[in-house]
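Colleague: Could you look at this predicted model? Sequence included:
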Amino acid sequence: MDFVQSQRAPKNHLPGVAFVIVLHILIIWALVSGLARKAVELVAKPLETKLIAEVAPPPEKLPPPPPPPKMAAPPPPFIPPPEINVQVPPTPSPAAITAVSTAPPPPTAALVAAPPEAPRAPVRTAPVVEAKSCEPPSYPSASRRLNEQGTVQLNFLIDAEGRVIESRIDSSSGVERLDEAARKALALCKFKPGTLDGKPEQSWHKMKYVWKLERS
């Protein structure tokens with residue numbers, strides 16, 4: 001009678017139905033949120049085991065090997081000294097010494113070489129102009145009109161007979177007509193030729209001529 005009444009009374013089943021509904025809600029929420037998957041992975045995760053190797057003790061230090069024995073150098077081989085026979089000449093007897101007469105050495109003539117003669121320097125003389133044979137050059141009219149003056153230095157080659165065979169102008173007066181007039185006129189002079197050790201020779205002789213106008 002109680003069982004039948006309890007089946008008929010629905011209020012008695014409400015707590016059980018509510019628990020079942022809540023349980024289903026939790027299961028569905030766990031599936032949606034991944035909580036069930038994490039729980040499965042946590043359960044399915046294998047256990048890891050680590051093997052710790054036993055640490056071997058460090059090897060004992062061995063003592064260093066002994067040093068090699070020192071080998072003494074062998075003594076040098078013995079070489080006997082060579083035998084030297086010294087022959088001493090026999091000394092003459094006193095009788096033999098007294099019997100030998102010593103003669104004086106022959107006189108030797110001393111030869112003394114005479115010192116060589118020093119080379120003698122050659123004696124050279126320069127040519128000399130003969131003033132009587134020289135006529136002064138005439139003043140060019142154009143140079144006189146232009147009031148041209150100056151000093152010209154000439155050089156003449158004199159042969160062994162005292163004649164001029166070549167002439168040149170070493171230093172010009174600045175006016176060509178004055179230079180040429182002096183060269184032509186002085187080339188007609190006579191000279192005493194230069195000498196070498198007293199013998200006439202061909203040589204050069206320098207002359208200077210001054211062109212100067214006289215003021216009246």
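Modeller: Sure thing, it's come through.

Colleague: how far away is residue 134 from residue 204?
Modeller: Distance check for residue 134 against residue 204: by Cβ to Cβ, to the nearest Å, it reads 17 Å. No exception for glycine: its C-beta is placed from N, CA and C like everyone else's.

Colleague: What segments of this structure are helices?
Modeller: Remark: helices assigned in the chain by DSSP state H are 2-8, 14-33, 35-44, 94-99, 141-145, 176-186.

Colleague: List the buried residues of the last one.
Modeller: Residues of helix 176-186 classed as buried: 178, 179, 181, 182, 183, 186 (neighbour count, 16 or more other Cβ atoms under 10 Å).

Colleague: ditto for the shortest one
Modeller: The neighbour-count criterion (16+ other Cβ under 10 Å) identifies residue 143 as the buried residues of helix 141-145.

Colleague: same thing with the second one?
Modeller: Buried residues in helix 14-33, defined by neighbour count with 16+ other Cβ under 10 Å: none.

Colleague: what's the burial count for residue 155?
Modeller: Neighbourhood size, residue 155 [other Cβ atoms under 10 Å]: 15.

Colleague: so residue 167 bridges to which residues?
Modeller: residue 156 (DSSP bridges).

Colleague: any idea how far residue 201 is from it?
Modeller: 18 Å.

Colleague: Any idea which of the helices of the chain has the lowest pLDDT on average?
Modeller: Sorting these by mean pLDDT places helix 94-99 lowest, at a mean of 44.

Colleague: Show me the domain layout of this structure.
Modeller: 6-39, 124-211 (automatic domain parsing).

Colleague: Distance to residue 76 added to the ones you listed, as CSV?
Modeller: Converted to CSV, those look like this (distance: least, Cβ to Cβ, whole Å):
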stretch, distance to residue 76
domain 6-39, 97
domain 124-211, 84
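
Colleague: which stretches of this protein have low pLDDT?
Modeller: 1-13, 34-62, 69-75, 77-78, 80-114, 216 (pLDDT under 70).
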